[in-house]
Structures are given as structure tokens and as C-alpha cells.
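# Have a look at this prediction, sequence included:
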Amino acid sequence: MIFIIGLAAAGLLGLGFVAQQHAAYREPLGRMLHPSLLLDLIHKPLWLAGLAAMVGGQILGAVALSGADVSRVEPLLATNLVFALVIGRVVCKENLHWNEWLGGLMASGGIALFLVLGSPRGEHPTGPESGRWLAAVGIVFVVLILVWIGRRSPLQTRAMLLAAAAGILFGLQDAVTRGLLIRIGHGLGAILASWQPYALVVVAICGLLLAQSAFDAAPLRVSLPAATAAEPITGILLGVVVFTERLRLGAGPLVGEILGLAMMVAGIIILGRSPYLAKREDDVAGCAEARLP
């Protein structure tokens, strides 16, 4: 049952990403990284449908995580990239070459291999007052650097960097959510008195803006892999630093983790070299044009 729920969550996430990207892709490039991008997208039925699908996938993912270890569920959720490519190909008639399928499979497979072999154990409760949460400041600093470099990079590179920054924020969002769930027994008042619920809202909105800006710049096969890879890895790193989880560092698991990371990076590079990398100022997403009434 966990396997089915996990795959259903990944499918909904993939569907949500496809719908959101094809709505965001129609926006002018001048709106990238500007709040007006989100304000415009919330009036588009296609984007709202994608957002609903993404939320549904996150809820199913949480249900799966409540009944199984992270090492069993996260690899299933990481297949959302493959689902997105398949849905884009079937629904939107996007032409995908063999190297793009190979890149998608390598990226998703590498993520899954890293998560299965490196999944941390031994989580300890960490309150919002703990100094370990200062690691979140470092995460935000990395995101700011990626955005700064991305704004000065060619469009296809910008899409991947913004997507990676979004994935990192999504990983931070997962960690903050985990911290809230750990303290849920203390009561609603204690939760609202801490910084975590407010930080969660800010991080979620900023991550959404970065993701839609990446979708505005390039197709999913360019903009999504970096986000798909960055989220679980960031979540694991924060789990180790904030919740004192322990990664598997034996000789066998360590080799597999390195191999998984290498596969993931190679898959992203293959996808990033797609002949159709990014739109011009006058491009329009054909799928969205065709599907909207």
C-alpha cells in the first residue's frame, strides 16, 4: 500500500509540475523573480489546477511517510521527474529524444540510489530555540548566491540555478515542517509562539516564486531536474545537522551514495544539453495554448 501511495504522490506531483510549468511558460520573461508573476498565475485555471495537484501529491507523500521510513518513500517521490516527462510527452505532445529520457532516468535513479543508501537514522527532537537551526541561515545564503549568479547567467543556466534554489528551499520547508510535527504535542499556542510557522510560510512562498520563475524560463526537462535533486538532499543534510541523524557511511553504502550523486549530476547535465533549452521573448507554451478554452 505504501508503494502505491508513494507512486500516486509522485504522479500527482509530476502532473502538478507540468500544469504549472505550461502556465508559467506563457508569462513574459520580465516577470521572473517578481511577485507579480505569482499574482498573475493565481488567476490562471491551469496553474491553479497544477497547484492543487502538487498539494495533493504532498499530502499523499506525508501519508506515505507516516507509515514508512524516509528511505522507502523518498525514492518513490523522486520519480515525479519521470512522471512529469511522460505526462508532458503524452498530454502536451512534447518531443523527447532518447538522450532526454536517459537523462531523466539517470537523474531520478541517482536520487533514489542516494536516498536508499544514505538515508539517515536516529532522529532526535530539536526545539525552535536550538542553535542547530542556524544551519537554515547557511541554506538561505546558498539560495541567495544561486539567485545572484542565475540573474547574471544565460537563460537556460538561469532556469537550472533558480530551480536548484527552489529545491533547496523546498528541502528547508520539509525540515521546518518536520520540526513543527515534532512539537505538535506541545499544543497550538506553543507552536504559534515560535518562529517556525511564520518561517514556513515565507520559505514556501519564496520557493514557489523561484520554481515558477524557473518554469517561466525553460521547459520541465531543463528546469525540473535540479529542483527534484536539491530538495531531498537538502532535507537529508538538515536532518543530519539539525536533528542529529546519522548517514550510512560504511564502505558499501558510501560507494553507492557517491555513484548515486554522480548519476544524478550526469542526468541533469544530459537534460541541460537538450537542443530545446529555453524560450525567446516571443515564445508561447503550445500545450497551454492548445488546452485552455
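Received the coordinates, thanks.

# Just the buried residues of stretch 147-163, please?
Across stretch 147-163, burial judged by 16 or more other CB atoms under 10 Å covers 147, 150, 155-163. C-beta here means a position set from N, CA and C on the backbone, and glycine is covered the same way.

# So what touches that stretch?
Contact partners of stretch 147-163, identified using CB atoms under 8 Å, 6 or more residues apart in numbering, comprise 29, 32-33, 146, 165, 210-211, 213-214, 217-218, 222-227, 230, 268, 272, 277-279.

# Repeat the analysis, applying 7 Å as the threshold.
With CB atoms under 7 Å, 6 or more residues apart in numbering as the test, stretch 147-163 has contacts from 146, 165, 210-211, 213-214, 217-218, 222-224, 226-227, 272, 277-278.

# for the record, mean pLDDT for that stretch?
Averaging pLDDT along stretch 147-163 gives 91.

# For it, measure first residue to last.
10 Å (CA to CA, to the nearest Å).

# low-scoring pLDDT stretches of the stretch 51-200 of the chain, where are they?
Scanning the stretch 51-200 of the chain for pLDDT under 70 picks out 65-74, 92-96, 119-125.

# show me where it has helices.
For the stretch 51-200 of the chain, the helices defined by DSSP state H, counting those that start in this stretch occupy 70-77, 80-92, 98-118, 135-151, 155-182, 188-192, 196-217.

# just the angle between the second one and helix 98-118, please?
Same thing as helix 80-92. If you take axes from the mean of the first three to the mean of the last three CA atoms, to 10 degrees, helix 80-92 sits at 150 degrees to helix 98-118.

# Would you pull up how far helix 80-92 lies from the middle of the chain?
Taking CA atoms, centre = their mean, to the nearest Å, one finds helix 80-92 lying 16 Å from the centre of the chain it belongs to.

# That one: which residues count as buried?
In helix 80-92, counting by 16+ other CB under 10 Å, buried: 80-89, 92.

# follow-up on the earlier one: min pLDDT across the contacts of stretch 147-163, which one?
Among the contacts of stretch 147-163, Leu277 carries the lowest pLDDT, at 44.

# Report the distance from stretch 21-33 to the chain centre.
If you compare the mean C-alpha spot of stretch 21-33 with that of the full chain, they lie 18 Å apart, counting by CA atoms, centre = their mean.

# That stretch - what's its average pLDDT?
The predicted model assigns stretch 21-33 a mean pLDDT of 87.

# Straight-line length of that stretch, end to end?
Using CA to CA, the end-to-end distance of stretch 21-33 comes out at 15 Å.

# Check stretch 173-191 too.
Taking CA to CA, stretch 173-191 runs 16 Å from one end to the other.

# and Leu210, what does it touch?
Leu210 touches 162, 165-166, 169, counting by CB under 7 Å, 6+ apart.

# now the buried residues of stretch 147-163 in JSON lines, with distance to Ala262?
Converted to JSON lines, those look like this (distance: CB to CB, whole Å):
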{"residue": "Val147", "distance to Ala262": "26"}
{"residue": "Gly150", "distance to Ala262": "24"}
{"residue": "Leu155", "distance to Ala262": "27"}
{"residue": "Gln156", "distance to Ala262": "22"}
{"residue": "Thr157", "distance to Ala262": "21"}
{"residue": "Arg158", "distance to Ala262": "25"}
{"residue": "Ala159", "distance to Ala262": "23"}
{"residue": "Met160", "distance to Ala262": "18"}
{"residue": "Leu161", "distance to Ala262": "20"}
{"residue": "Leu162", "distance to Ala262": "24"}
{"residue": "Ala163", "distance to Ala262": "20"}
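
# List just the nearest of those to Thr177.
The closest of the buried residues of stretch 147-163 to Thr177 turns out to be Ala163 (CB to CB; 20.6 Å).

# can you tell me how far that closest one sits from Ile184?
Computed as CB to CB, to the nearest Å, the Ala163 to Ile184 distance reads 31 Å.

# coming back round to it: for the buried residues of helix 80-92, which one is nearest Gly260?
Among the buried residues of helix 80-92, Leu81 lies closest to Gly260 (CB to CB), at 14.4 Å.

# need the contact list for that closest one.
Leu81 makes contact with 104, 107-108, 224-225, 228 under the criterion CB under 7 Å, 6+ apart.

# Drop anything exposed from those residues.
Burial by neighbour count, judged by 16+ other CB under 10 Å, picks out 104, 107-108, 224-225, 228 from these.

# State the pair within the residues you listed that is farthest apart.
Taking CB to CB as the measure, the buried ones among the contacts of Leu81 span a maximum distance of 10.5 Å, between Ser108 and Leu224.

# Against which helices or strands is the helix or strand encompassing Pro232 packed?
Here Pro232, judged by DSSP states H and E, is contained in helix 220-242. Counting contacts by 3 or more CB pairs under 7 Å, 6 or more residues apart in numbering; DSSP states H and E, helix 220-242 is packed against helix 2-24, helix 80-92, helix 98-118, helix 135-151, helix 155-182, helix 196-217, helix 251-272.
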